[in-house]
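> sequence unknown, structure follows:
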């Protein structure tokens, strides 16, 4: 919806700019003409461009944006892996995260500059996709921080009361022990290779 | 407004039109690459166009002794 609004706004701004361009000499003679030029050459294009970039940034957080690149498509398929222990699949299938922003929800840091860092990493991905060498195996730029998990789970009853967490809670909270030590299947790629997918059944 | 400033206004509008067209094209063919291209080329062109227009306005005001 937002994309459509931006497309219409950009098209209208462009049409207005073309119209004004053709009538510059006469518009400069009239007071209202000068105001129309100010609006059509500066105010509306800048406001529309700002809106366009804002919507673009929002769109670039969407799952479908990440899966635009073919090398990410197996990771996208892993969201449907038939493995309740696989983190990506469990979070996606149980709706623990917003499905529209599945990648972004787990792969952005929840610190102050998390969004900016994620976008800069995304820019790096675009560079590698078009101009670089795509690696055989994907690896994170840094070890996965517990804070990303704890952002949602820290005060969740299921997390706090889980017996295995009791002895290591301090270490988990201080990032000394990684959540991924025990929850060690992030994306179940073998299931993707064998086509072992979960399919939701409609309730009878 | 002098002829030179009229040309500046036209140039400013032309840059704005190119910037808007790039952004519109990117929105119609939405991929990570077109998004980066629109944000890094289209938007600066719109800003440059607006800047040229405002420069022309400023010069005109100076010529008239309004500032």
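Structure's in. What do you need? Note that the coordinates shown come from a computational prediction; the quantities given were computed from them, not determined experimentally.
> so which bits of the helix or strand where residue A:32 lies are buried?
Per DSSP states H and E, residue A:32 falls inside helix A:31-38. By neighbour count on 16 or more other CB atoms under 10 Å in any protein chain shown, the buried set for helix A:31-38 is A:33, A:34, A:36, A:37. For glycine as for every other residue, the C-beta is placed from the backbone atoms N, C-alpha and C.
> in TSV: the residues you listed, plus pLDDT.
Formatted as TSV, these follow (pLDDT from 0 to 100):
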residue	pLDDT
A:33	85
A:34	83
A:36	88
A:37	87
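> of all those, which comes closest to chain B?
Checking these against chain B with CB to the nearest CB, the nearest one is residue A:37 at 6.7 Å.
> does residue 4 lie in a helix or a strand, and which?
Because you didn't say which chain, this covers chain A. Going by DSSP H and E, residue A:4 is in helix A:2-22.
> was after chain B, sorry
Here residue B:4 is assigned to helix B:3-28, by DSSP H and E.
> now do residue A:64
helix A:63-66.
> could you list the low-confidence segments of chain B?
Low-confidence segments of chain B, defined by pLDDT under 70: B:1-3, B:67.
> show me the contacts for residue A:14.
Residues counted as contacts of residue A:14 (CB atoms under 8 Å, 6 or more residues apart in numbering or on different chains) are B:17, B:20, B:21, B:24.
> just send these back as JSON lines, with distance to residue A:186 and neighbour count too.
Listed next are those as JSON lines, based on distance: CB to CB, whole Å; neighbours: other CB atoms under 10 Å in any protein chain shown:
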{"residue": "B:17", "distance to residue A:186": "47", "neighbour count": "23"}
{"residue": "B:20", "distance to residue A:186": "42", "neighbour count": "30"}
{"residue": "B:21", "distance to residue A:186": "42", "neighbour count": "17"}
{"residue": "B:24", "distance to residue A:186": "39", "neighbour count": "22"}
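> contacting chain A as well, which ones from the residues you listed?
Restricting the contacts of residue A:14 to those touching chain A (CB under 8 Å from any CB of the partner chain) yields B:17, B:20, B:21, B:24.
> spatially nearest residue to residue 25, not counting backbone neighbours?
Using chain A. residue B:6 (6.4 Å; CB to CB, 6 or more residues apart in numbering or on different chains).
> chain B is the one I meant
Closest to residue B:25 by CB to CB, 6+ apart is residue B:34, at 7.2 Å.
> isn't the one you found up against residue B:26?
Yes - taking contacts as CB atoms under 8 Å, residue B:34 lies within contact range of residue B:26: 3.9 Å.
> with neighbour numbers in mind, choose between these two.
Per other CB atoms under 10 Å in any protein chain shown, whichever of residue B:34 and residue B:26 has more neighbours is residue B:26, with 22 against 18.
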